[in-house]
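**Q** Below: sequence and its predicted model.
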Amino acid sequence: MRPVSSARLRAALRACDTRHGASARARCRDAAIARLRPSVRFSLDRAATVTVTVATDAARSRELGHTTVAARRGANTVAFAAGAGRRGLRPGRYRVTLTAVAAGRSAAAVQTVTVRRG
């Protein structure tokens, strides 16, 4: 997962303040926040429906959230909105699970990795 720099976020939001019109500023802010969210990058050999699940990496693991996307063949990036509107992901270790199910198939390919944030 790519870390979010608060300095990068502040700079992006400052650039949005130069936009004319409230709706243009709001769209710019939403896009800046979305670009800087923690994201997961992966590659697929065929199009599939992918579920990204983030959980704590502890003895008693707790799921923090999940998102499902229609991923294409090749490189994909999924922005994860864990804690959207709240604290977000604090520094620490997290378990990220990717579950991919290709169209017309019932079997899922599962990949789990442990990442460190912060």
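**A** Received, thanks.
**Q** How is Arg93 assigned, secondary-structure-wise?
**A** Under DSSP: H, G, I helix; E, B strand; the rest coil, Arg93 falls in the strand class.
**Q** dump the residue contacts of the residue nearest to it when sequence neighbours are not counted.
**A** Nearest non-adjacent residue to Arg93, counting by C-beta to C-beta, 6 or more residues apart in numbering: Asp57, 4.0 Å away. For the C-beta atoms, the positions are set from N, CA and C on the backbone; glycine is no exception. Shown in contact with Asp57 (C-beta atoms under 8 Å, 6 or more residues apart in numbering): Gly92, Arg93, Tyr94, Arg95, Thr114.
**Q** Kindly report the same for Thr68.
**A** Thr49, Val50, Thr51, Val52.
**Q** What are the structural domain limits within the chain?
**A** 1-36, 39-117 (automatic domain parsing).
**Q** And the strands in this structure?
**A** In the chain, the strands defined using DSSP state E lie at 39-44, 48-56, 63-71, 74-79, 92-102, 109-117.
**Q** Provide the angle between the direction of the last one and the direction of strand 92-102.
**A** Relative orientation of strand 109-117 and strand 92-102, computed by axes from the mean of the first three to the mean of the last three C-alpha atoms, to 10 degrees: 160 degrees.
**Q** ok, now which ones touch the residue most central in space within the chain?
**A** Per C-alpha atoms, centre = their mean, the C-alpha nearest to the average position across the chain is that of Phe80, at 2.0 Å. Residues near Phe80 by C-beta under 8 Å, 6+ apart: Met1, Arg37, Pro38, Ser39, Val40, Val52, Val54, Gly65, Thr67.
**Q** Could you do Ser43 as well?
**A** With C-beta under 8 Å, 6+ apart, Ser43 has these contacts: Gly74, Ala75, Asn76.
**Q** if we take the residues you listed, which one ends up nearest to Asp17?
**A** Nearest to Asp17, judged by C-beta to C-beta, of those is Asn76 at 32.1 Å.
**Q** Tell me the bridge partners for the closest one.
**A** Per DSSP bridges, the residues bridged to Asn76 are Phe42.
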